[in-house]
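>>> after the sequence you'll find the predicted model.
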Amino acid sequence: MSRRSLDEELAVLEARVQELAAASARLGLENRSLRERLDTLVEERARLVEKNETARGKVEQMIVRLKALEAGH
């Protein structure tokens, strides 16, 4: 292998390493962003589940009261 061919191959490998480093950095940022979004969605889901349970409890109480009113007539 000639010196020039080795230098060219080394240059190609260096460029590839730089590309991979840039891709790794980009994917790291994307991963962090997705994890933050996931955390936000998990928190939002927990709030919605709690609101749903509260609403369910209120509806059940209304049904009990309506049945009591109906039984009273």
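Good, I have the coordinates.

>>> how far away is the residue positioned nearest the centre of the chain from Arg45?
Nearest to the geometric centre of the chain sits Leu38, at 2.3 Å (CA atoms, centre = their mean). Using CB to CB, to the nearest Å, one gets 10 Å for the distance from Leu38 to Arg45. Glycine gets a C-beta too; all of them are placed from N, C-alpha and C.

>>> now swap in Arg65 and tell me
Counting by CB to CB, the gap from Arg65 to Arg45 is 30 Å.

>>> and if you look at Ala11?
50 Å.

>>> do Ile63 as well
For Ile63, the distance to Arg45 - CB to CB - is 26 Å.

>>> contacts only, for the residue nearest to the centre of the chain.
By CB atoms under 8 Å, 6 or more residues apart in numbering, Leu38 lies in contact with nothing.

>>> show the average pLDDT along the helix or strand harbouring Val17.
Assigned by DSSP states H and E, Val17 falls within helix 3-72. Across helix 3-72, pLDDT averages out at 96.

>>> off-centre distance for that helix?
1 Å (CA atoms, centre = their mean, to the nearest Å).
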